[in-house]
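**Q** pasting the sequence and the predicted model now:
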Amino acid sequence: MARIVPYLNFTGNCREAMSFYKECLGGELNLLEFAGTDAEKMVRKEELHRIMHSSLSGGKIELFACDVPEKEMKGYVDGSNITLSLNCDSEAEIRTIFNKLSKGGKIGMPLDKPFWGGLYGQF
């Protein structure tokens, strides 16, 4: 069965929030900035050191988070900026689940292989 992971979206304080969660919960924290990635062209120069993706994992806990680029913040309200990440064990599984769950919905990003690896999509 695929795993569902909460994905928190922040407006510039992802590093601080995830460091706080690590302090409270333990685990291993990984932070990836926009700077030095293919995604750096998505953000303003002032946002390059914000977090493109982070993960906190250990034991039974897995939590993802990022800083949303300023140009995409429209409509973000603190406390309501959580999405769910569905992590699958195979390409066949993710394609099947993505197609079923997104049917009749709005696909924000079709399944594709982004620069960071894996297979990724949004709906």
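**A** Sure thing, it's come through.
**Q** okay, helices next: where are they in this structure?
**A** 14-25, 91-102 (DSSP state H).
**Q** quick check: which ranges of this protein have low pLDDT?
**A** Along the chain, segments meeting pLDDT under 70 span 78-79.
**Q** so how far is residue 74 from the residue of it most remote from its centre?
**A** In terms of distance from the mean C-alpha position of the chain, residue 104 ranks first, at 23.2 Å (CA atoms, centre = their mean). Going from residue 104 to residue 74 by CB to CB, to the nearest Å gives 25 Å. Bear in mind the C-beta positions are built from the backbone N, C-alpha and C, glycine included.
**Q** do residue 57 as well
**A** From residue 57 to residue 74 the distance is 31 Å (CB to CB).
**Q** and what of residue 49?
**A** 22 Å.
**Q** which one of those two has more residues nearby?
**A** residue 49 (12 against 7; other CB atoms under 10 Å).
**Q** now that one. Nearest residue, chain neighbours left out?
**A** Distances taken as CB to CB, 6 or more residues apart in numbering place residue 33 nearest to residue 49, at 5.3 Å, with adjacent residues excluded.
**Q** how many neighbours does the one you found have?
**A** Neighbour tally, residue 33, other CB under 10 Å: 20.
**Q** for it, which residues are in contact?
**A** 48-52 (CB atoms under 8 Å, 6 or more residues apart in numbering).
**Q** cool, residue 116 as well?
**A** Residue 116 neighbours (CB under 8 Å, 6+ apart): 32, 37, 53.
**Q** same deal with residue 106?
**A** Residues in contact with residue 106 (CB under 8 Å, 6+ apart) are residue 123.
**Q** now, which of the contacts of residue 33 sits nearest residue 61?
**A** residue 51 (18.3 Å; CB to CB).
**Q** hmm, residue 34 is touching residue 53, no?
**A** No - contact between residue 34 and residue 53 fails when scored by CB atoms under 8 Å: they sit 9.5 Å apart.
**Q** kind regards, and thank you for your time.
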